[in-house]
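>>> give the three-dimensional model of this entry:
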Amino acid sequence: MRAQPGAKKTAITGIYGEGSAAQLKIAVHAQPIEGRGNAALIAFLADTFNMPKSSIEVFSGELARSKVFLLRGITIAQVQGILALTLRSE
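Below is the predicted model of the structure:
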């Protein structure tokens with residue numbers, strides 16, 4: 001996913017890039033200082049996918065805008081379904 005720090009509110013704003021390099025774009029209210037941005041993203045993802053924050057971790061890109069998160073206890077099909085509904089409603 002691609003983080004956009006300093007937004008008015010944390011929300012999925014679309015897709016960044018195209019094809020196999022496409023990333024989910026998420027605007028983040030928290031600033032990327034002392035892990036606050038990552039913590040806000042984890043809280044947002046936990047809420048979006050209805051799962052505990054402890055099931056989500058930054059897999060790579062902890063200090064970068066482009067990040068990979070590991071979500072435990074949810075299938076790819078479930079993630080795709082939730083994202084399809086979320087992106088369609090925006």
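>>> in the worst-scoring helix or strand of the chain on mean pLDDT, what's buried?
Lowest on mean pLDDT, DSSP states H and E among the helices and strands of the chain sits helix 76-89, with a mean of 90. Buried residues in helix 76-89, counted by 16 or more other CB atoms under 10 Å: none are found. C-beta here means a position set from N, CA and C on the backbone, and glycine is covered the same way.
>>> quick one: contacts of that helix?
Contact partners of helix 76-89, identified using CB atoms under 8 Å, 6 or more residues apart in numbering, comprise 12, 14-15, 24, 48-49, 71.
>>> what about the residues you listed, which are in helices?
residue 48 (DSSP state H).
>>> could the contacts of helix 76-89 go into TSV alongside distance to residue 85?
Supplementary listing: the contacts of helix 76-89 in TSV, determined by distance: CB to CB, whole Å:
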residue	distance to residue 85
12	11
14	15
15	15
24	14
48	10
49	11
71	16
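>>> report the two of the contacts of helix 76-89 separated the most.
Longest distance between any two of the contacts of helix 76-89 is 19.8 Å, between 14 and 71; criterion CB to CB.
>>> looking at those two, which has the bigger crowd around it?
Neighbour count, other CB atoms under 10 Å: between residue 14 and residue 71, residue 71 has more, with 18 against 12.
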